[in-house]
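Peer 1: coordinates only, sequence not included:
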């Protein structure tokens, strides 16, 4: 669905405020975030709270095969131009959501830029993008002038590992919905399950949390889900953001991050995949106190 998940973290409260602030304007917006973090729901909320809410909305995926739209072969312009222009006609007075805008080919970027700059359609464009879009703009693989037209405002959706306090509430929402859909008994997470979920690095974010929690609900015997019922996906692609120590500049940040997430040095060592002795030596090397503070 397009509803926002229930979340209490301070970061998320600020995002909800920003959604309302952007919705009140006509500005184009880019919603940044990792895969599975809920960017599309945020984009839809801007639309639903805007003055264009009664007007048409079109959702297109920039990575979709041919941006499936109508093509009029008698028109002199290219097929891509006709298709993209067709979306704007269809959404007149309303909104277009472009998912994964970073996947637009250079040709599609040029067409989109031309339409926005020369035709000035009365359509608000809300895009979702992974953080790599910023790097693409710097490297000129994404047209900077198009980027600035699309990013009149923006929202950065945090990854789940940075808002672990939201996990119990989100998981509970999925469990409630699962019970309503299946008619099965309502299940609850116990403290061991919540701790395990908070310690996991969530490369697939909220989407992965949903899959893991529902899998656990399906397999748990009673009405309580404990750590033993939870199966994490160990075959994840390695994200640069994992907590293994590879990059010396980030080593220090990662140690502090692991301590913050684990709540103790022994849990931090587990998250980092190293022994407590190695971690102790690294703490000395970087001057990190026992309480996670920097040595003066």
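Peer 2: On my side now, so go ahead. Computed from a prediction, not measured in an experiment: that's the story for all the values here. Numbers count the residues shown, from 1 in each chain.
Peer 1: and the end-to-end length of stretch 84-96?
Peer 2: 11 Å (C-alpha to C-alpha, to the nearest Å).
Peer 1: mind listing what's buried in it?
Peer 2: By 16 or more other C-beta atoms under 10 Å, the buried positions in stretch 84-96 come out as 84-88, 91, 94-96. Backbone N, C-alpha and C define where each C-beta goes, glycine included.
Peer 1: and for stretch 212-231?
Peer 2: 212-214, 216-217, 220, 225-227, 229-230.
Peer 1: then stretch 15-35?
Peer 2: Within stretch 15-35, the residues that count as buried by 16+ other C-beta under 10 Å are 15, 18-19, 22-23, 27-34.
Peer 1: returning to that earlier point: which among the buried residues of stretch 212-231 gets closest to residue 285?
Peer 2: Closest approach to residue 285 among the buried residues of stretch 212-231 (C-beta to C-beta): residue 227, at 32.7 Å.
Peer 1: excluding chain neighbours, give the residue nearest to that closest one in space.
Peer 2: residue 192 (3.9 Å; C-beta to C-beta, 6 or more residues apart in numbering).
Peer 1: and the one you found, what element?
Peer 2: For residue 192, the enclosing helix or strand under DSSP states H and E is helix 191-199.
Peer 1: tell me the average confidence for that helix?
Peer 2: For helix 191-199, the mean per-residue pLDDT is 91.
Peer 1: who's in contact with it?
Peer 2: Contacting residues not belonging to helix 191-199 are listed as 164, 167-168, 171, 189, 209, 212-213, 216, 225-230, 261-262, 267, 270-271 [C-beta atoms under 8 Å, 6 or more residues apart in numbering].
Peer 1: and that helix, how far out from the chain middle?
Peer 2: For helix 191-199, the distance from its own C-alpha centre to the chain's C-alpha centre is 21 Å (C-alpha atoms, centre = their mean, to the nearest Å).
Peer 1: I'd like the next helix or strand past it.
Peer 2: With secondary structure assigned by DSSP H and E, helix 191-199 is succeeded by helix 205-219.
Peer 1: quick check, nearest of the buried residues of stretch 212-231 to residue 110?
Peer 2: Nearest to residue 110 among the buried residues of stretch 212-231, counting by C-beta to C-beta, is residue 212 at 41.3 Å.
Peer 1: what pLDDT does the closest one get?
Peer 2: Note for residue 212: predicted pLDDT of 93.
Peer 1: wait, it sits on residue 225?
Peer 2: No - Residue 212 is beyond contact range of residue 225, at 10.4 Å (criterion: C-beta atoms under 8 Å).
Peer 1: so which of the buried residues of stretch 15-35 belong to helices?
Peer 2: Among these, the residues falling in helices (DSSP state H) are 15, 18-19, 22-23.
Peer 1: export those residues to CSV and append columns for distance to residue 50.
Peer 2: Output for those, formatted as CSV (distance: C-beta to C-beta, whole Å):
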residue, distance to residue 50
15, 16
18, 13
19, 10
22, 8
23, 4
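Peer 1: turn these into CSV, columns for pLDDT and distance to residue 147.
Peer 2: As requested, those are exported to CSV (pLDDT from 0 to 100; distance: C-beta to C-beta, whole Å):
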residue, pLDDT, distance to residue 147
15, 94, 21
18, 95, 19
19, 96, 21
22, 97, 17
23, 96, 22
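Peer 1: give me phi/psi at residue 24?
Peer 2: Main-chain torsions, residue 24, degrees, to the nearest 10: phi -70, psi -10.
Peer 1: where do the helices sit along the stretch 51-200 of the chain?
Peer 2: Shown for the stretch 51-200 of the chain, the helices assigned by DSSP state H, counting those that start in this stretch span residues 79-90, 106-114, 132-138, 144-150, 167-182, 191-199.
Peer 1: spatially central residue for this structure, please.
Peer 2: residue 37 (2.5 Å; C-alpha atoms, centre = their mean).
Peer 1: distance-wise, check it relative to residue 170.
Peer 2: Distance, residue 37 to residue 170, using C-beta to C-beta, to the nearest Å: 12 Å.
Peer 1: need the residues touching each of these two.
Peer 2: Common neighbours of residue 37 and residue 170 (criterion: C-beta under 8 Å, 6+ apart): residue 206.
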